[in-house]
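Trainee: fold the following.
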Amino acid sequence: MKLIFVYNANTDPLSAISDYAHKVFSPSTYKCDLCALTHHNLGQRSSWKTFRENTEANMKFLYIRQFEREFNFSPEYPVILESRKGELIPVLDKYKLAEIESIDELIKALTSYIALNE
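Mentor: Predicted coordinates for the structure are as follows:
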């Protein structure tokens, strides 16, 4: 199984600085729920890192421009997709990610999805 995680962010230096400042000074209005769940101000959450290292799913992490360049597709961001036989299948869309309140809840949702779809 291949999961594609697309952050609602870009990689250019100005975007990175802006996103970091926004996350620090106004976290409740930060536009990337996936980023907020998987990372804190100093990097990746340890439970997320452990999950990534121990899951059997192949995971790919992209930013908006990288994703759109590779797949020529523009869903609402952030989003988690499964790439299956050339198709992109939504796993958790922007709205479902907004409802998830903790990294443990995200890991549980992904673990369930992986178990049901392998």
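
Trainee: please, which helix or strand holds residue 82?
Mentor: Here residue 82, judged by DSSP states H and E, is contained in strand 79-84.

Trainee: neighbouring contacts of that strand?
Mentor: Defining contact as C-beta atoms under 8 Å, 6 or more residues apart in numbering, one finds that strand 79-84 is touched by 1-6, 34, 75, 88-94, 97, 110, 113, 117. Glycine gets a C-beta too; all of them are placed from N, C-alpha and C.

Trainee: how about the lengthiest helix in the chain: buried residues?
Mentor: Looking across the chain with DSSP state H, the single longest helix is helix 103-117. Buried residues in helix 103-117, counted by 16 or more other C-beta atoms under 10 Å: 103, 106-107, 109-110, 113-114.

Trainee: so can I have a markdown table of these showing distance to residue 79?
Mentor: Listed next are those as a markdown table, based on distance: C-beta to C-beta, whole Å:
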| residue | distance to residue 79 |
| --- | --- |
| 103 | 17 |
| 106 | 13 |
| 107 | 17 |
| 109 | 14 |
| 110 | 13 |
| 113 | 13 |
| 114 | 17 |
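
Trainee: run through the residues that contact residue 70.
Mentor: Listed by C-beta under 8 Å, 6+ apart, the contact set of residue 70 reads residue 62.

Trainee: quick one: the helices in the chain?
Mentor: Using DSSP H, the helices of the chain run over residues 13-25, 33-38, 46-54, 64-71, 94-99, 103-117.

Trainee: out of those, deepest packed?
Mentor: Highest mean neighbour count among these (mean count of other C-beta atoms under 10 Å): helix 33-38, with a mean of 21.

Trainee: who touches that helix?
Mentor: Helix 33-38 is contacted from outside by 5-9, 19, 23, 27, 30, 44-45, 48, 78-80, 94, 97-98, 100, 102-103, 106, using C-beta under 8 Å, 6+ apart.
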